[in-house]
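**Student:** Test case, fold it:
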Amino acid sequence: MGTSTRKIPIVIYLPSKYVVKLSVAPSAYVNELRRIITINNIDFVFNGTILSGNQTFRSAGLKSGDSIVVIFHKSNSDKTYEELQKWLQITQDSESFNEKMQLILNEDNAREAARLRDVFLSKIERKPRSFRRLCLAVAENNKNKEREVQGNNFSLSIDYEKPEMPSCDPLPIFFTSEDGQGIYPVAKDETIIPVTDSISPVLKP
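**Tutor:** Below is the predicted model of the structure:
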């Protein structure tokens, strides 16, 4: 396999959700990522810029070990803009950002961060006033999320035609796979590593 077709490892970061390692062909288009992230309203941020889906990973300047941030559009356009601006600024220093991603991917670091967080929370629990403030902050955050969901005016439709037979269609999956007809330009490299609240903010960009 020539150097022009050899796949390179990159990192896909969904803030506060997942960090995923992928292997991609440099000649593949950024839009290929939509095969594994099947949501329309998203932007890909790399090195302080929003990537075009028509760019190849090579033309975008991605190298082995580089990281792409996936930004989901929110119902509030102002919040989406703020989120985009935040990550455009953070990823401008790509070297520093890539180092943080590698820290998150390191399981030993994640376990140590979880341990330190547990120690921190146990200390808070022993201070009733601090614990109450933390509980109030969490409750307020949950209320804000509920308001945002209610503001979207989702309509639930259960009036659908009952199928005659069980469906044989595959369920949606996060990663594409090899179907025997060829290898997709984007392939899973390693298992998904969830980024939960147990990750220290120091390790969380």
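**Student:** What residue spans form the domains of this protein?
**Tutor:** The chain breaks down into these domains under the TED database: 8-105, 108-147.
**Student:** nearest to Asp159, of those?
**Tutor:** domain 8-105 (25.0 Å; Cβ to Cβ). Heads up, the C-betas are built off the backbone N, CA and C, glycines and all.
**Student:** which other residues reach stretch 90-98?
**Tutor:** Residues outside stretch 90-98 that contact it (Cβ atoms under 8 Å, 6 or more residues apart in numbering): 11, 45-48, 65-67, 69, 205.
**Student:** Assign the residue located most distally from the centre of the chain to helix, strand or coil.
**Tutor:** Using Cα atoms, centre = their mean, the residue of the chain lying farthest from its centre is Glu164. It sits 37.8 Å away. Counting by DSSP: H, G, I helix; E, B strand; the rest coil, the backbone at Glu164 sits in coil.
**Student:** Check it and give its pLDDT.
**Tutor:** With respect to pLDDT, Glu164 scores 80.
**Student:** So what does it have for phi and psi?
**Tutor:** Here is the backbone geometry of Glu164 (degrees, to the nearest 10): phi -70, psi -30.
**Student:** Okay, it and Ser52: tell me how far apart.
**Tutor:** Distance, Glu164 to Ser52, by Cβ to Cβ, to the nearest Å: 44 Å.
**Student:** State the number of residues packed around Asp78.
**Tutor:** Using other Cβ atoms under 10 Å, Asp78 has 8 other residues around it.
**Student:** Could you tell me which residues make contact with Pro9?
**Tutor:** 21-23, 64-65, 189.
**Student:** Please check the residues you listed and keep the buried ones.
**Tutor:** 21-23, 65 (16 or more other Cβ atoms under 10 Å).
**Student:** What is the nearest of the residues you listed to Ser77?
**Tutor:** Using Cβ to Cβ, the buried ones among the contacts of Pro9 come closest to Ser77 at Leu22, 29.3 Å.
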